[in-house]
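Generate a structure from the sequence data that follows.
(one chain, ligands or ions: 2)
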Amino acid sequence: MEIKALQIKLKQLETPSYRLKQALRSYYQDLLGGWEEISTWPKDLRDACAELSWSPLTLIDVFESKEPASAKFLFETKDKLRIESVVMRHKDGRNTVCISSQAGCSMGCTFCATGAQGLGRNLTAEEIVDQVIQAARWLVASKGRVTNIVFMGMGEPFNNPDNVFSALRTLMDPDAFGLGARHISISTCGIIPGIQRLAKEAPQVNLAISLHAPEQGLRARIMPIAKAYQLDTLMHAIRDYLQRTNRKVMFEYVMLKGINDKVENAEELADLLTDFRHLAHVNLIKYHATNSKYEPSNQETRRKFANILKRRGIAVTERISFGEEIQAACGQLASR
Ligand code: SAH
Ligand code: SF4
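Residues are numbered from 1 along each chain as shown. Ligands and ions are numbered 1, 2, ... in the order given. Next comes the predicted model:
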């Protein structure tokens with residue numbers, strides 16, 4: 001919803017101040033679909049606002065898959081860029097929406113479909129929030145609600161920090177969407193200023209670091225950004241973050257066959273995390289083949305890798321794969 005334009009409009013029409021509150025509640029909380037649905041408004045007011053856009057994103061298509069249950073949303077922005085979000089429906093009743101922060105991404109990670117696409121542009125705060133609102137509206141039909149939000153769709157959130165932090169405030173604001181910070185996670189490829197800002201401005205929001213390699217040389221080969229933010233400075237920033245927030249950090253690790261999945265990589269990863277292992281959690285992600293450069297590690301290798309970490313006292317999970325068959329899993333989002 002274009003709040004600034006609405007404020008101006010309501011002022012021009014000399015409406016009482018509670019009209020704005022009603023509009024915001026209708027959009028963020030009652031999840032209504034448009035101006036015409038605000039039943040507490042007189043018809044002439046609804047008509048007068050009809051020229052303002054209700055949603056900055058147009059929902060083009062929804063692709064659903066059954067096991068595990070998930071849905072991919074394809075949106076179009078006003079300037080005709082396509083972006084995607086994913087809703088993952090967990091068996092325990094939680095519903096996680098995975099949202100995009102940019103159309104495309106400039107980071108060029110060699111295993112990621114979004115990275116191959118390059119950057120279109122940053123999404124506005126309203127476009128970021130609208131993905132959550134539209135997912136929440138869609139969930140209403142099955143009496144579900146959004147319980148978790150992850151910034152793990154298209155784009156690097158900390159390359160669009162002002163809009164991402166503004167979206168975070170709206171998503172957490174009890175007068176807007178009102179989800180608790182601890183139910184929101186941001187994933188970054190390691191943009192240090194963003195990590196520092198998160199510690200200051202939203203310390204309760206969960207941080208996930210896309211690590212993917214325990215050693216600088218290997219990391220720089222698979223993620224070009226590691227040349228700008230080197231592993232030792234990144235680890236320093238993470239220690240700083242831990243000291244400030246005392247929150248757990250999740251380390252994401254995409255398992256690439258023969259590249260980063262060897263026994264020595266696991267040992268090196270354990271060495272890297274060992275002195276703050278009580279605050280570290282490793283998530284081994286199955287690689288979703290997006291190009292011919294890499295192959296996923298097999299299950300046996302993944303298990304072995306996980307066991308080494310466990311033996312070293314490091315918490316590790318293997319991410320269950322959501323939405324693979326609808327091209328909605330990690331790193332597969334890339335609409336043109
Ligand atoms: N740009 C941010 C957030 C979006 S990517 C980041 O990189 O952290 C979300 C996660 O998907 C990251 O951990 C990313 O490394 C992972 N990912 C990217 N491509 C993938 C692929 N092809 N298979 C599995 N995971 C992938
Ligand atoms: Fe961008 Fe994340 Fe993909 Fe890397 S993995 S290219 S940072 S979206």
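
only C-alpha atoms for contact and neighbour calcs from this point on.
Fine.

Which helix or strand contains Gln134?
Assigned by DSSP states H and E, Gln134 falls within helix 125-140.

In that helix, which residues are buried?
Buried residues in helix 125-140, counted by 16 or more other CA atoms under 10 Å: 125-139.

try stretch 213-230
Buried residues in stretch 213-230 (16+ other CA under 10 Å): 213-215, 219-220, 222-223, 225-226, 229-230.

burial of Glu325, as a residue count?
Glu325 is flanked by 13 other residues according to other CA atoms under 10 Å.

which ones are touching the nearest residue to it once chain neighbours are set aside?
Nearest non-adjacent residue to Glu325, counting by CA to CA, 6 or more residues apart in numbering: Ser65, 7.3 Å away. By CA atoms under 8 Å, 6 or more residues apart in numbering, Ser65 lies in contact with 71, 323, 325-326.

quick one on the thing from earlier: and the helix holding Gln134, anywhere near ligand 1?
No: applying CA under 6 Å from any ligand atom, one finds helix 125-140 separated from ligand 1 by no less than 13.5 Å.

And the contacts of that helix?
By CA under 8 Å, 6+ apart, helix 125-140 touches 1-2, 27-28, 31-32, 55-57, 77, 85, 87, 97, 99-101, 144-146, 149, 163-164, 166-167, 170-171.

Can you list which of those are found in helices?
Among the contacts of helix 125-140, DSSP state H puts 163-164, 166-167, 170-171 in helices.

quick one: buried residues of stretch 297-312?
Of all the residues in stretch 297-312, those buried under the rule 16+ other CA under 10 Å are 297, 301-302, 305-306, 308-309.

Stretch 286-293 now?
286-290.

Of the residues you listed, just say which sits nearest to Glu267.
Distances from Glu267 to those, taken as CA to CA, are shortest for Lys286 (19.2 Å).

Bridged to the closest one, which residues?
Lys286 forms beta bridges with Met255, as assigned by DSSP bridges.

wait, it sits on Glu295?
No: at 9.9 Å, Lys286 and Glu295 do not qualify as touching, with contact defined as CA atoms under 8 Å.

Who are the contact partners of Asn265?
Applying CA under 8 Å, 6+ apart, we find Asn265 in contact with 213-214.

Specify the local secondary structure of it.
Secondary structure for Asn265, judged by DSSP: H, G, I helix; E, B strand; the rest coil, is helix.

distance of it from Leu272?
Going from Asn265 to Leu272 by CA to CA, to the nearest Å gives 10 Å.

Equivalent analysis for Thr15, please.
59 Å.

Repeat that for Pro68.
Relative to Leu272, and taking CA to CA, Pro68 is found at 33 Å.

so what pLDDT did the closest residue in space to Glu36 that isn't next to it in sequence get?
Of all residues not flanking Glu36 in the chain, Arg46 sits nearest, at 5.8 Å (CA to CA, 6+ apart). pLDDT, Arg46: 97.

Just the C-alpha atoms of the helix or strand containing Arg46, please, in CSV.
When elements are defined using DSSP H and E, Arg46 is found to belong to helix 43-49. The C-alpha trace of helix 43-49 is given here as CSV (Å, rounded to 0.1, in the frame of the first residue of the first chain):
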residue,chain,number,x,y,z
LYS,A,43,-18.6,4.5,-0.7
ASP,A,44,-17.5,7.9,-1.9
LEU,A,45,-14.3,7.6,0.1
ARG,A,46,-13.6,4.1,-1.3
ASP,A,47,-14.2,5.4,-4.8
ALA,A,48,-12.0,8.4,-4.2
CYS,A,49,-9.1,6.2,-3.1
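
Sort out which residues of it are buried, please.
Neighbour-count burial for helix 43-49 flags 45-46, 49 (criterion: 16+ other CA under 10 Å).

for those residues, which one is nearest ligand 1?
Minimum distance to ligand 1 across the buried residues of helix 43-49 is 35.6 Å, recorded for Cys49 (CA to the nearest ligand atom).

Could you give the bridge partners of Lys65?
You called it Lys, but residue 65 is Ser. Residues in beta-bridge contact with Ser65 (DSSP bridges): Ser70.

distance of it from Arg89?
The spacing between Ser65 and Arg89, counted by CA to CA, is 10 Å.

quick one on the thing from earlier: run the chain-centre distance for the helix holding Gln134.
Its chain's C-alpha centre and that of helix 125-140 lie 13 Å apart, by CA atoms, centre = their mean, to the nearest Å.

next one: stretch 164-173
In terms of CA atoms, centre = their mean, the centre of stretch 164-173 is set 13 Å apart from its chain centre.

And ligand 1, is that stretch touching that?
No: Stretch 164-173 lies out of reach of ligand 1 by CA under 6 Å from any ligand atom, never closer than 12.2 Å.

List the contacts of the helix holding Arg46.
Counting by CA under 8 Å, 6+ apart, 6, 9, 35-36, 38 sit against helix 43-49.
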